[in-house]
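*Asks:* the amino acid sequence is not available; the structure is as follows:
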């Protein structure tokens, strides 16, 4: 599934890098701790966070993430959006909680960072 398809299905607001919405998402990761994202997220993942500061762009660029979904109505300031545009990192926003967005991504078939479902069936 592409980032654009996710944006459409979840009614996300695209803030930057519309030209990168055709990127295929390989999995997902949700965390607000940058160190966790740097050690566990993988290239091509979509990252779900409520963080909206400039460092999220640096982390997403370092890992080559497909994009960032910023939750709970947080809107990055102009400097963050400019840096994301320069780096080609799509930032999408939503008023929904991280928990709700992750649940919706799971329903769409997006699994953990390596694209699998590591939880046993209940």
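*Replies:* Perfect, I can see it now. The shown structure was predicted, so the numbers you read here are calculated from the model rather than taken from an experiment. Residues are numbered from 1 along each chain as shown.
*Asks:* what about the strands in the protein?
*Replies:* 13-14, 27-30, 45-49, 67-70, 91-93 (DSSP state E).
*Asks:* so where's this protein shaky on pLDDT?
*Replies:* 113-122 (pLDDT under 70).
*Asks:* hmm, try it at 50
*Replies:* Applying pLDDT under 50 to the chain picks out residues 122.
*Asks:* show me where it has helices.
*Replies:* Shown for the chain, the helices assigned by DSSP state H span residues 3-9, 34-40, 54-63, 78-87, 98-107.
*Asks:* tell me what angle the last one forms with strand 45-49.
*Replies:* Relative orientation of helix 98-107 and strand 45-49, computed by axes from the mean of the first three to the mean of the last three Cα atoms, to 10 degrees: 160 degrees.
*Asks:* who touches helix 98-107?
*Replies:* Among residues not part of helix 98-107, those counted as contacts by Cβ atoms under 8 Å, 6 or more residues apart in numbering are 6, 9-10, 28, 30, 32, 46, 48-50, 69, 71-72, 94, 96. Glycine gets a C-beta too; all of them are placed from N, C-alpha and C.
*Asks:* quick one: buried ones out of those residues?
*Replies:* Neighbour-count burial (16 or more other Cβ atoms under 10 Å) is assigned, among the contacts of helix 98-107, to 6, 10, 28, 30, 46, 48-49, 69, 71, 94, 96.
*Asks:* neighbours of the closest residue to residue 21 other than its chain neighbours, how many?
*Replies:* In space, not counting the residues next to it along the chain, residue 21 is nearest to residue 4; the distance is 3.3 Å by Cβ to Cβ, 6 or more residues apart in numbering. Residue 4: 19 surrounding residues under other Cβ atoms under 10 Å.
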